[in-house]
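Participant: Could you work out the structure for the sequence below:
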Amino acid sequence: MFLRSANIALLPVFTLLALAQNVWAIGSSPRFAYVANDSDDTISIFLIHRARLISRGYVYVGAGSHPRFLVVTPSQKFLYVANSNSGIAGYAINIATGFLTPVPGSPFATGPEFGLAVHPSGNFLIAANGNGVSSFAINPASGALALADIVNGDSPISVAVHPSGAFVYTANVNSNRVSGFAMNSKSGAFTPVAGSPFAAGASPQAAIMDPFGRFLYVTNSNGANVSAYAVNSVSGVLNPVPGSPFAAGSIPRDAVEHPSGKFLYVGNYSDKTVSEYTIDQTTGALTPMQGSPFPTGASGPVGFARMEGGALIYAADYDSNEVFILGVNPNTGALYREGLSRSRGPAISIALALGSHVANYVPNFVFECNSKSNDIWGYQIDATSGTLSPLAASPFPTGGSPVSITSDVAGRFVFVANSGGASVSSFTINSQSGTLSPAPGSPYTTGFRPYAVAVDNDAHYLYITENRSNTIAGYSVSSSGSLTLVPGSPFPSSGSVPLGLVVDPRGKILYVANAQANTISAYEIDARTGGLSIVGSFATGSFPDAVTVEPSGRFLYVSNRSSNNISAYSIDGVTGALVHVPKSPFSGVQSPTSLVAEPSDRRIYVISGSTSTIIGYSIFGNTGGLHQLASSFGDVSAPYALSVDLAGSFFYVANHSENSVSGYSIDPVTGGLAPVSASPFPAGASPTSLTVVDALQ
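Facilitator: Residues are numbered from 1 along each chain as shown. Next comes the predicted model:
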């Protein structure tokens, strides 16, 4: 039901092939994960930190492109995307930020493409398009592609490359065969190996090369099994392994081999499981592990990638728009669940990019806006102590009565909603000094009484609630920070007096708190235009005025000021719809006015307006329920807003009546807050909101 090509019988699904699996180098660390979202036409970008995937944003590939497979070059400079409807897209990888920039000539109009691999030399990209196999020379400086050779195929759908680079193999979905080619490492030309094509099972999908070039494994989706071949390292000829094919689950789509060559994992789409095998090191035969298959949950895995050393496996889950993170027992190879993260659309393929060290967020600046002095105060954060020091150029003028401030995850921009000035200000941030410079044309006129401002992680689109007109304004953000109204803006709110709003971490859904309607509205964001489409409205407590989503994107929390509680919801990964978690709403806070999720996915913090305290809650990871921490935290004065750095080290509060900012360090184990040295820090007149800007190192 997924394919749009008459030649292909089943959905193409692939693995991070042996080529990409073998680029791990001593001292290198995975920094970024890229996930192809098929029908969403996007690539999600994640920071890899320990066992977690932290959303960095996405790139829009193109209307109707249907990205199906990703591969990163051994140099880690370029990412290539096989689009089933529009050829190959190429991107240069900024290994410091993870962000992607199209390479010259991209997208390359090669026709529908389903599988990709990169030659171990990094000089050629190899593509399977259902009708044939192509090789493209990669420009090492720009990443541009030039056709080197093309041969008619046998309905090839995925590609595997021998670690030596001498041979290329394709799984041919309609002919139930596997083709083998010798590849000239200088010209990129193909020559069929003797005896090719070789018999496989019913509807072969993914071809997986052993890291040492000894064996080739092919998943047969309609055969519920895996074909195994011994590879002749001289001739490239494939010989069936004794006992092949080996039984798998229903509709095996993709597979990944442990870098030790001892274990193989096969994703069974219909069974919603992963078959776990030990590999006979002499023959290549597969033996199911004790306890296999491993259940993955709501739907089945269709694409795999693995972390350096094989300690973690990432499984793309098409139906749930999620990536499952699976740990691997180093002795037995058995899988266990580590966590999950949400992708922007139906996740179908994953690729990883390396860096020279593990990436970490480091707190850099705090910016807070002041409703009476009509300015922004900026501070440098001491990354060790959390102490704030005023920036040399601070304060920075903004519009009249600023009430809300936010920044993007990369720390490039600051945006401010100016309630009294009926405008939104946009600034670029000097990453060294923290100086704010107005974007061209800033400030920009909005509707009457803009109240809150939110931006998606990668600063594609900015949204503002206009509570007096019951509308939501949307803007596209340029590379200079300038803003342009998106088509259809402003959008009517589905509830009266929209106040707080938040974009979910993947940049797909906008949630808005409607204070007088006592509802939360959900809107799907068009990745191409930024336009909003209503998903639905969901009942909450009395006078909801702030909303947050925890970083994995699974749960949403709302502060209900008049009913003195916190509503908690699970988020449907596909639609964005909300369902109350068990025992919601949660009490323990008086007149909650603002809340924020801590980056570990384990806690939220809420301002109690009536008691001028901060209340912390731990999150039950599986259900999203809340448990109040033992202590509340004071040392604040009429607190209006709060913000946490992306490393989860420090916590800052805007004190409206005291004209100050309070800073706290966060205990990573208990979630307790302790004032940082010299807190509170002087601020402008009547602080209303603040945001923390981090650096990625």
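Participant: so where do the strands sit in the stretch 51-200 of the chain?
Facilitator: Under the criterion DSSP state E, counting those that start in this stretch, strands of the stretch 51-200 of the chain are mapped to 52-60, 67-72, 78-83, 87-93, 100-102, 115-118, 124-128, 132-138, 145-152, 156-161, 167-172, 177-183, 190-192, 198-199.
Participant: nearest to T540, of the ones you listed?
Facilitator: strand 52-60 (24.5 Å; Cβ to Cβ). Glycine gets a C-beta too; all of them are placed from N, C-alpha and C.
Participant: Turn the strands of the stretch 51-200 of the chain into JSON lines, columns for mean pLDDT and distance to R306.
Facilitator: Formatted as JSON lines, the strands of the stretch 51-200 of the chain follow (pLDDT from 0 to 100; distance: least, Cβ to Cβ, whole Å):
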{"stretch": "strand 52-60", "mean pLDDT": "94", "distance to R306": "14"}
{"stretch": "strand 67-72", "mean pLDDT": "96", "distance to R306": "13"}
{"stretch": "strand 78-83", "mean pLDDT": "97", "distance to R306": "17"}
{"stretch": "strand 87-93", "mean pLDDT": "97", "distance to R306": "19"}
{"stretch": "strand 100-102", "mean pLDDT": "97", "distance to R306": "22"}
{"stretch": "strand 115-118", "mean pLDDT": "96", "distance to R306": "16"}
{"stretch": "strand 124-128", "mean pLDDT": "97", "distance to R306": "21"}
{"stretch": "strand 132-138", "mean pLDDT": "96", "distance to R306": "24"}
{"stretch": "strand 145-152", "mean pLDDT": "95", "distance to R306": "27"}
{"stretch": "strand 156-161", "mean pLDDT": "96", "distance to R306": "15"}
{"stretch": "strand 167-172", "mean pLDDT": "97", "distance to R306": "19"}
{"stretch": "strand 177-183", "mean pLDDT": "97", "distance to R306": "23"}
{"stretch": "strand 190-192", "mean pLDDT": "97", "distance to R306": "28"}
{"stretch": "strand 198-199", "mean pLDDT": "97", "distance to R306": "26"}
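Participant: now for these, which one comes closest to I208?
Facilitator: strand 156-161 (6.2 Å).
Participant: Going by neighbour count, list what's buried in the closest one.
Facilitator: Buried residues in strand 156-161, counted by 16 or more other Cβ atoms under 10 Å: 156-161.
Participant: what's that strand packed up against?
Facilitator: With contacts taken as 3 or more Cβ pairs under 8 Å, 6 or more residues apart in numbering; DSSP states H and E, strand 156-161 sits against helix 18-21, strand 115-118, strand 124-128, strand 132-138, strand 167-172, strand 204-209.
Participant: Now the second one: buried residues?
Facilitator: Applying a neighbour-count criterion of 16+ other Cβ under 10 Å, the buried positions in strand 115-118 are 115-118.
Participant: quick one, phi psi at G310?
Facilitator: For G310, the backbone dihedrals are phi 80, psi 10 (criterion: degrees, to the nearest 10).
Participant: That one: neighbouring residues, count only.
Facilitator: For G310, the neighbour count with other Cβ atoms under 10 Å is 21.
Participant: now do S349
Facilitator: Neighbours of S349 using other Cβ under 10 Å come to 31.
Participant: Next: S134.
Facilitator: 25.
Participant: before we move on, what about the one 3 residues further on?
Facilitator: By other Cβ under 10 Å, 17 other residues sit near A137.
Participant: my read: it touches G122, true?
Facilitator: No: contact between A137 and G122 fails when scored by Cβ atoms under 8 Å: they sit 10.9 Å apart.
Participant: before we move on, the earlier item: and the strands of the stretch 51-200 of the chain: which comes nearest P592?
Facilitator: Of all the strands of the stretch 51-200 of the chain, it is strand 52-60 that lies closest to P592, at 25.7 Å by Cβ to Cβ.
Participant: got the angle for that closest one vs strand 87-93?
Facilitator: Strand 52-60 runs at 120 degrees relative to strand 87-93, counting by axes from the mean of the first three to the mean of the last three Cα atoms, to 10 degrees.
Participant: tell me the angle strand 52-60 makes with strand 78-83.
Facilitator: Going by the same axes, to 10 degrees, strand 52-60 makes 70 degrees with strand 78-83.
Participant: Now do strand 52-60: everything it contacts.
Facilitator: Residues outside strand 52-60 that contact it (Cβ atoms under 8 Å, 6 or more residues apart in numbering) are 32-33, 37, 41-48, 91, 97-100, 314, 323, 325, 339, 341-342, 344, 409-410, 456-460, 505-507, 527-528, 551, 553, 599, 601, 646.
Participant: and G333, which of the strands of the stretch 51-200 of the chain is closest to it?
Facilitator: Of all the strands of the stretch 51-200 of the chain, strand 156-161 comes closest under Cβ to Cβ, at 21.0 Å.
Participant: Could you tell me how far that closest one lies from the centre of the chain?
Facilitator: Relative to its chain's centre, strand 156-161 lies at 26 Å (Cα atoms, centre = their mean, to the nearest Å).
Participant: cool, stretch 509-525 as well?
Facilitator: That offset, for stretch 509-525, works out to 23 Å (Cα atoms, centre = their mean).
Participant: Just give the nearest non-adjacent residue to N239, would you?
Facilitator: A230 (4.8 Å; Cβ to Cβ, 6 or more residues apart in numbering).
Participant: Keeping just the C-alphas, turn the one helix or strand that neighbour maps to into PDB.
Facilitator: Under the criterion of DSSP states H and E, A230 resides in strand 225-231. Output of strand 225-231 as PDB, limited to C-alpha atoms (Å, rounded to 0.1, in the frame of the first residue of the first chain):
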ATOM      1  CA  ASN A 225      12.500 -15.800   6.200                       C
ATOM      2  CA  VAL A 226      16.100 -14.700   5.600                       C
ATOM      3  CA  SER A 227      18.300 -16.000   2.800                       C
ATOM      4  CA  ALA A 228      22.000 -16.400   3.800                       C
ATOM      5  CA  TYR A 229      24.900 -16.600   1.400                       C
ATOM      6  CA  ALA A 230      28.700 -17.200   1.700                       C
ATOM      7  CA  VAL A 231      30.600 -14.600  -0.300                       C
END
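Participant: per-residue confidence at V579?
Facilitator: Model confidence at V579, given as pLDDT, is 98.
Participant: wait, S389
Facilitator: 98.
Participant: likewise T398?
Facilitator: 96.
Participant: and it, how many neighbours?
Facilitator: Neighbour tally, T398, other Cβ under 10 Å: 28.
Participant: rewinding a little: let me have the buried residues of strand 156-161 in TSV, adding distance to S106 as columns.
Facilitator: Formatted as TSV, these follow (distance: Cβ to Cβ, whole Å):
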residue	distance to S106
P156	23
I157	23
S158	22
V159	20
A160	24
V161	22
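Participant: From the recorded domain assignment, give the ranges for the chain.
Facilitator: 30-355, 361-696 (automatic domain parsing).
Participant: what does the strand holding A230 contact?
Facilitator: 162, 167, 178, 198, 200-201, 204, 209-210, 213-220, 237-241, 243-248, 252, 255, 264, 266, 275, 283-286.
Participant: That strand vs strand 204-209, what angle?
Facilitator: 40 degrees.
Participant: N360: which of the buried residues of strand 156-161 is nearest?
Facilitator: Taking the buried residues of strand 156-161 together and measuring to N360 by Cβ to Cβ, the closest member is V161, at 33.3 Å.
Participant: helix/strand/coil for G309?
Facilitator: Here G309 takes the helix state, with states given by DSSP: H, G, I helix; E, B strand; the rest coil.
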